[in-house]
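prediction below, plus the sequence it came from.
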Amino acid sequence: MLEAKHTALIQEAGRRGDPHLAQLRLCFQLLSLSNAIDRDCASRLAPHGLSEGRFVVLFLLHGAGGTLPPHALAERAGVTRATISGLLDGLQRDGLLQRRNDAEDGRRLQIVLTARGKRLAADLFDQHTQWIGGLFNGLDSRQQMQLSLLLEKVWRHTDAAQETGT
């Protein structure tokens, strides 16, 4: 299950007699799993001409009833306004959304899903959530809860958790 680079690092840590070998293996197992899920996700979205970022924009728009201003999309997606502009450009080129002036304030833009964008967002969201759910089919509900609690405990020791206070 480990990627080659992680195996090499574990072997080197073992050669050096590192006392944290078991923890290194756990971390690298988690990273390898995360990378495998990311690759699988990318390969599932690619036939639709979507990256993960473009997919996120589609499902955020779909969940908001098909329309949001660009700044709200950027905030909800956790990306910069420059990044959201690039994502929107590509989705608009593909006919999945349109930019329209806000009815109340013509200076503001609203991003609106096209009918094709709505269909794709709905279909892919359902497929995507079923696929993700299937990743955990080997765990019963108690094991899933236990895994969640364990991951949360590990999270608390990350620098990111310390910075955000979570």
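Now that the structure is in, tell me what you want to look at.

next helix or strand past the lengthiest helix in the chain?
What stands out as the longest helix in the chain, according to DSSP state H, is helix 21-45. From helix 21-45 onward toward the C-terminus, using DSSP states H and E, the following helix or strand is helix 52-63.

who does that next one touch, helix- and strand-wise?
Using 3 or more C-beta pairs under 8 Å, 6 or more residues apart in numbering; DSSP states H and E as the contact definition, the elements that helix 52-63 packs against are helix 21-45, strand 67-68, helix 70-77, helix 81-93, strand 97-101, strand 109-113, helix 115-135. For the C-beta atoms, the positions are set from N, CA and C on the backbone; glycine is no exception.

please enumerate residues in contact with the last one?
Defining contact as C-beta atoms under 8 Å, 6 or more residues apart in numbering, one finds that helix 115-135 is touched by 37, 40-41, 44-45, 48, 50, 55, 58-59, 61-62, 66, 91, 95-97, 113.

okay, now the domains of this protein?
Taking automatic domain parsing as the criterion, the chain consists of the domains 1-48, 50-135.

spatially central residue in the protein, please.
Among the residues of the chain, the smallest C-alpha distance to the mean C-alpha position (C-alpha atoms, centre = their mean) belongs to Glu52, namely 6.2 Å.

turn the domains of the chain into CSV, including mean pLDDT and distance to Ser141.
Compiled in CSV, the domains of the chain are given as follows (pLDDT from 0 to 100; distance: least, C-beta to C-beta, whole Å):
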stretch, mean pLDDT, distance to Ser141
domain 1-48, 95, 20
domain 50-135, 92, 12
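
out of those domains, which one sits most buried?
Highest mean neighbour count among the domains of the chain (mean count of other C-beta atoms under 10 Å): domain 50-135, with a mean of 15.

that domain spans what distance, first to last residue?
End-to-end distance for domain 50-135, by C-alpha to C-alpha, to the nearest Å: 21 Å.
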